[in-house]
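Peer 1: A predicted structure for the sequence below; I have some questions about it.
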Amino acid sequence: MKSPKPRQTIYDIAREMHLSPSTISKILHHTGKVSQATRKRVLEYVKQAGFVANSNARILKSKHSWTIGIVFSDIALFGLEHPFFGSVLQAFKNDVEEKGFEVVFIVKKLGQAELTYEEWCLNKNVDGVLLLTGDLNDPDIIGLVDSDIPCVSADIIMPGLFSTMSDDKMGIELGFNHVFELGCRKIGAYCGPWSSRAYAERTAAYRELVASHGLPYDESHFSSISGYGYQNAYDNAFKFIDGWKTPPEAVLAFSDELAMGLINALKQRGYRVPEDISVVGYDDIAFAGLFNPPLTTIRQNKVAIAKSAADLLLRLINGTLTHENNENLVRRIPVQLIVRGSTKLKS
């Protein structure tokens, strides 16, 4: 049997490349200032050599685990294929991994033992947690936020929790003003469950805009359904449509899947989109521009949300951000109106 090949150390790499061990360490652990040329040369070398840095020494030296926990309590039951949060998670993962961190999913079991989120994090010694999405009434989430573990959310707003998310009021204003400028005065809304923070905020913004524009409020032009996903949106849209006293001239759907389900139900009921009714979505998921008709929607900046969440969490971990030195707990990321074929000027 062959003897195992001795594992390379940073001292071996430093000797081979005529650099100091501290320079090699900075490059491998994404710290300190090193020229781009040197960084590129070292990274190419270690890739070819198949070198893997020994994380144990770094953990002992820094007293960090270089691990970030992810709570993805997906109430919509899409899992990692969630059209919005899946993209935010990937962008967040890319950002923190560039800075030397690994991500792990936090679950409620460790072997056969049932643990709270806080107990799981303490057991695994994570440096911080991203609460990607979840039920703000979940006692495990509340306990985690109240603990000493640094936490940031991309969806939940709670006392003492740093959060970063889209400016939902801005988004609804953009969609509402767009159809208003097209001449629509009977503007309805199609909403998901109010247990979602985003849907609740979008509903409040919509109702404020109806009132501030002096438009009559028709309760039959508003619907909040209890579930998620395209099929649920499509199935419930028929009851929404059949309940109209008179048809609205435009409907703001508070997600793209709600918009797509509504549009296909409208077609089944003999309405033309946008000739009879304009429809605006929210999210700008990958399929929005390929839908028939291409969907006018509100684009959320998923990468900006992820980078903002990463920035907040890493600053909490390294101690440069505290609740005492920053009173702005919630960052709102601007959104953008994307005009396509599902809205048109009212004739």
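Peer 2: Structure's in. What do you need?
Peer 1: Point out where the stretch 51-200 of the chain drops to low pLDDT.
Peer 2: Counting by pLDDT under 70, the stretch 51-200 of the chain has low-confidence residues at 51-64, 73-81, 109-113.
Peer 1: if we go to 80?
Peer 2: 51-65, 73-83, 108-114, 133-137 (pLDDT under 80).
Peer 1: residue boundaries of the helices in it?
Peer 2: Counting by DSSP state H, counting those that start in this stretch, the stretch 51-200 of the chain has helices at residues 55-62, 85-98, 117-124, 139-146, 168-181, 197-212.
Peer 1: For Pro83, give its distance to Tyr282.
Peer 2: 11 Å (CB to CB, to the nearest Å). The C-beta positions use only the backbone N, C-alpha and C, and glycine is treated the same way.
Peer 1: Those two: which is more packed in?
Peer 2: Tyr282 (31 against 20; other CB atoms under 10 Å).
Peer 1: show me what contacts that one?
Peer 2: With contact set as CB atoms under 8 Å, 6 or more residues apart in numbering, Tyr282 has these partners: 171, 175, 202, 252-256, 258-259, 297-298, 300.
Peer 1: What ranges does the stretch 1-150 of the chain have for its strands?
Peer 2: Ranges of strands in the stretch 1-150 of the chain, per DSSP state E, counting those that start in this stretch, are 67-72, 102-105, 109-110, 113-114, 128-133.
Peer 1: per the record, what domains does the protein have?
Peer 2: Structurally, the chain divides into domains by automatic domain parsing as follows: 10-53, 67-165+303-333, 168-300.
Peer 1: wait, Arg41 sits on Met17?
Peer 2: Yes - using CB atoms under 8 Å, Arg41 is in contact with Met17, at 7.1 Å.
Peer 1: what touches both of those two?
Peer 2: Common neighbours of Arg41 and Met17 (CB under 8 Å, 6+ apart) do not exist.
Peer 1: if we can go back for a sec, next, format the domains of the chain as a markdown table and append distance to Thr343.
Peer 2: Shown next, in a markdown table, are the domains of the chain (distance: least, CB to CB, whole Å):
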| stretch | distance to Thr343 |
| --- | --- |
| domain 10-53 | 45 |
| domain 67-165+303-333 | 21 |
| domain 168-300 | 4 |
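Peer 1: sorry, back to before: looking at the strands of the stretch 1-150 of the chain, which is nearest to Phe240?
Peer 2: For the strands of the stretch 1-150 of the chain, the distance to Phe240 is smallest for strand 128-133, at 25.5 Å, taking CB to CB.
Peer 1: quick one: strands adjacent to that closest one?
Peer 2: Strand 128-133 pairs in its sheet with strand 67-72 (parallel), strand 151-153 (parallel), by DSSP bridges.
Peer 1: contacts for that strand?
Peer 2: Under the contact criterion CB under 8 Å, 6+ apart, strand 128-133 has outside partners 68-75, 82, 85, 88-89, 92, 103, 106, 117, 121, 141, 144-145, 149-156, 161, 309, 313-314, 316-317.
Peer 1: Are any of those buried, and if so which?
Peer 2: By neighbour count, with 16 or more other CB atoms under 10 Å, these hold 68-74, 82, 85, 88-89, 92, 106, 117, 121, 141, 144-145, 149-156, 161, 309, 313-314, 316-317 as buried.
Peer 1: Quick check: closest non-adjacent residue to Thr296.
Peer 2: With CB to CB, 6 or more residues apart in numbering as the criterion, Thr296 has its nearest non-adjacent residue at 4.3 Å, and that residue is Thr343.
Peer 1: looking at this, that neighbour is in a helix?
Peer 2: No - using DSSP: H, G, I helix; E, B strand; the rest coil, the secondary structure at Thr343 is coil, not a helix.
Peer 1: and it, how many residues sit next to it?
Peer 2: 24.
Peer 1: what does Glu102 give?
Peer 2: 14.
Peer 1: what's the burial count for the spatially closest residue to it that is not a sequence neighbour?
Peer 2: Nearest non-adjacent residue to Glu102, counting by CB to CB, 6+ apart: Thr67, 5.2 Å away. For Thr67, the neighbour count with other CB under 10 Å is 18.
Peer 1: Equivalent analysis for Ser224, please.
Peer 2: Neighbouring residues of Ser224 were enumerated by other CB under 10 Å; the total is 16.
Peer 1: who's in contact with it?
Peer 2: Contacts of Ser224 (CB under 8 Å, 6+ apart): 191-194, 199, 203.
Peer 1: so how far is Tyr282 from it?
Peer 2: 14 Å.
Peer 1: Only whichever of the contacts of Ser224 are buried, select them in PyMOL.
Peer 2: Only the buried entries of the contacts of Ser224 go into this PyMOL selection, using 16+ other CB under 10 Å:
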select buried, resi 191+192+199+203
